[in-house]
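# Sharing a model that was predicted from the sequence below.
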Amino acid sequence: MNAPIREIVEYYTGFAEENRLSTGSAQLEFERTKELLVRVLPSRAQIVDVGGGAGAYAFWLSSLGHRVHLVDATPRLAKEAASRSTTSAHKVTITIGDARQLPVADNAADAILLLGPLYHLTEDAERAVALLEARRVLRPGGVIAAAGICRYAALLDGLMFHPALHERLAAMRRSSLTDGQYRNTTGDSRYFTSSYFHRPEDLANELAAAGFTGARVLGIEGPGWLLADFDARWADAAGRADILDMARSLEAEPSILGVSAHLLAIGIKSN
């Protein structure tokens, strides 16, 4: 197991990623990502969910009538997904694997999701390989949906949630702003793991360089994730609708894309 995958596996072996999308502003990330996927995925598609964890998106997609194969590098999360599949009415198939060498045949999928690998692969060359692998397994005309963490997410998070920053945290955020390379030097898993943070235009360029056409990048959360009273607003139906409406209104506005914590790039494998 090489160094990038080893670190990813170690992090997700100890971190309860299977619960993350049901808490705090990650709920906005989850709902908006689903909303965007519904818009771009073909009906009743064969989907490969790379880095799909315990299956938050995979089982939801299966419930919509898609056929889903989940690939994840972390044995613990793959085991959790397999356990869920045995009790769920909506089944998915699961394989342990690396986004850079997918255990999937050529031209096997109508759509492929990379909702994590591109920010966990910190080197340009590694991300390029993962995108070429995604292109390989897609049929002509197939759709890729690839997520990135925004270059400015750590800085905005620090401004909003940690007004009295420890110098080490401040240095981590400054470094990620300079070159996109985020490294957690605290030893505390609350502050994530080694990652690459994209500028919106860089994420689109990476898809284009891998041969995907029509590459476009959308902001997932908009500014709503920064609300100090997010939980209270999200629990209120009108407040939740307002947060979602704001995210939709700003999702494609170039001047504000960088406010979203997460970005979603969409592209097509040309004929």
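Structure received. Residues are numbered from 1 along each chain as shown.
# And for the helix or strand containing residue 47, what's in contact with it?
Assessed by DSSP states H and E, residue 47 sits inside strand 46-50. Residues from elsewhere that reach strand 46-50 (CB atoms under 8 Å, 6 or more residues apart in numbering): 41, 55, 57-58, 61, 66-72, 92, 97, 99, 102, 104, 108-117, 130, 134, 137. In short, each C-beta sits where N, CA and C put it, glycine included.
# go on, stretch 176-185?
Applying CB under 8 Å, 6+ apart, the contact partners of stretch 176-185 are 122, 149, 151-152, 154-155, 168, 171-172, 175, 191-199, 202.
# Going by neighbour count, list what's buried in it.
176, 180, 182, 184 (16 or more other CB atoms under 10 Å).
# Could you do stretch 221-240 as well?
221, 222, 223, 224, 225, 226, 227, 230, 233, 234, 239, 240.
# So residue 33 sits against residue 220, correct?
Yes: Residue 33 lies in contact with residue 220 (CB atoms under 8 Å); the separation is 5.8 Å.
# Can you check which residues contact both of the two?
In contact with both residue 33 and residue 220: 147, 262, 264, using CB under 8 Å, 6+ apart.
# Considering the residues you listed, which possesses the most neighbours?
Most neighbours among the shared contacts of residue 33 and residue 220, by other CB atoms under 10 Å: residue 264, with 24 neighbours.
# Secondary structure element holding that residue?
strand 262-269.
# Going by contacts, tell me the helices and strands next to that strand.
Helices and strands touching strand 262-269, by 3 or more CB pairs under 8 Å, 6 or more residues apart in numbering; DSSP states H and E, are helix 26-40, strand 138-150, helix 200-209, strand 212-219.
# other SSEs contacting the longest one?
Helices and strands in packing contact with helix 26-40 are listed as helix 56-63, strand 138-150, helix 230-235, helix 237-250, strand 262-269; criterion 3+ CB pairs under 8 Å, 6+ apart.
# How about the helix or strand hosting residue 111, which residues are buried there?
Using DSSP H and E, residue 111 maps to strand 109-114. By neighbour count on 16+ other CB under 10 Å, the buried set for strand 109-114 is 109, 110, 111, 112, 113, 114.
# C-terminal to that strand, which secondary structure element comes first?
Next along the chain from strand 109-114, counting by DSSP H and E, comes helix 117-120.
# and that following helix, what's its mean pLDDT?
Across helix 117-120, pLDDT averages out at 97.
# tell me what it is packed against?
Contact here means 3+ CB pairs under 8 Å, 6+ apart; on that basis helix 117-120 packs against helix 124-137, strand 138-150, strand 195-198.
# let's go with 6 Å and repeat that
Under the contact criterion of 3 or more CB pairs under 6 Å, 6 or more residues apart in numbering; DSSP states H and E, helix 117-120 touches strand 138-150.
# Need the contact partners of the strand it packs on.
Here strand 138-150 makes contact (CB atoms under 6 Å, 6 or more residues apart in numbering) with 40, 107, 109-115, 118-119, 134, 197-198, 203, 212, 258, 260-267, 269, 271.
# Show me how to select, in ChimeraX, the buried members of these.
The ChimeraX selection below is limited to those of those classed as buried (16+ other CB under 10 Å):
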select :40,109,110,111,112,113,114,115,118,119,134,197,198,203,212,258,260,261,262,263,264,265,266,267,269
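# Low-confidence regions, the stretch 1-150 of the chain specifically.
1-4 (pLDDT under 70).
# can you give me phi and psi for residue 25?
Phi and psi for residue 25, reported as degrees, to the nearest 10, are phi -70, psi -10.
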